[in-house]
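Visitor: Here you go, sequence then predicted model.
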Amino acid sequence: MIHVDDNMIADIRRFNRRYTNTLGVLNSHVLDSGYSFAEARVVVEIGMMEPCIANTLVSSLNIDRSYMSRIINRLVKLQILSRQPSKDDQRVSLLRLTAKGQQLYNELNDKSDEQIIRLFQALPEQELIQLHASMREIEHKLDQLERMEHDTI
């Protein structure tokens, strides 16, 4: 087992807090949408893989099942999502965006893109390229760790 020193842990945690604050993840309504971060993430995930089932969302977003159920129920009540029984398995509901949900999905995507552009627009192009490469490297390392964690051999 490797030794992760206290300074490294503090630096990683500081980075996480900084990026969370920069993106406004802890605001009660993300991207001035009127929806929580978790609700917005559910809308975006469904928009990217529609139709889907709640279990898929629980796995991909790593959200507690009961919390996911409350989010889905709220979004159905607000007419953002619709539930339809699966033709393959009547016990499973397929989740889809309604027209209102599709509009929200598009708005969230546009606002997210604009937020990133505003955040990094002052960087010279070479620095932006380096930053992007660093982010991809972090993502690659996290993917490797996740695969190792799930490796049963």
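Guide: Done, it's in.
Visitor: so residue 90, which of the three states?
Guide: Secondary structure, DSSP: H, G, I helix; E, B strand; the rest coil: residue 90 is coil.
Visitor: measure it to residue 84 for me?
Guide: Per Cβ to Cβ, to the nearest Å, residue 90 is found 11 Å from residue 84. Where you see a C-beta, it was placed from the backbone N, CA and C, and this is true even at glycine.
Visitor: between these two, who's got more neighbours?
Guide: residue 84 (11 against 8; other Cβ atoms under 10 Å).
Visitor: Is the more buried one located within a helix, as I assumed?
Guide: No. Residue 84 is assigned strand when assessed by three-state DSSP, not a helix.
Visitor: Apart from its neighbours in sequence, what residue is nearest it?
Guide: With sequence-adjacent residues excluded and distances taken as Cβ to Cβ, 6 or more residues apart in numbering, residue 84 is closest to residue 94, at 4.9 Å.
Visitor: what's the burial count for the one you found?
Guide: Residues near residue 94, counting by other Cβ under 10 Å: 18.
Visitor: quick one: which helix or strand includes it?
Guide: When elements are assigned from DSSP states H and E, residue 94 belongs to strand 93-97.
Visitor: Pull out the buried positions in that strand.
Guide: Residues 93-97 are the ones in strand 93-97 that count as buried (16 or more other Cβ atoms under 10 Å).
Visitor: ditto for stretch 10-28
Guide: So for stretch 10-28, counting by 16+ other Cβ under 10 Å, buried means residue 23.
Visitor: ok, residues contacting that stretch?
Guide: 30-31, 36-37, 115, 119 (Cβ atoms under 8 Å, 6 or more residues apart in numbering).
Visitor: ok, the residue nearest to residue 84 - contacts?
Guide: By Cβ under 8 Å, 6+ apart, the residues touching residue 94 are 51-53, 83-86.
Visitor: hmm, which helix or strand of this protein has the shakiest average pLDDT?
Guide: helix 6-23 (a mean of 89; mean pLDDT, DSSP states H and E).
Visitor: on that earlier part again, whichever of the contacts of stretch 10-28 end up buried, select them in PyMOL.
Guide: This is how PyMOL selects the buried members of the contacts of stretch 10-28, with burial counted by 16+ other Cβ under 10 Å:
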select buried, resi 30+31+36+37
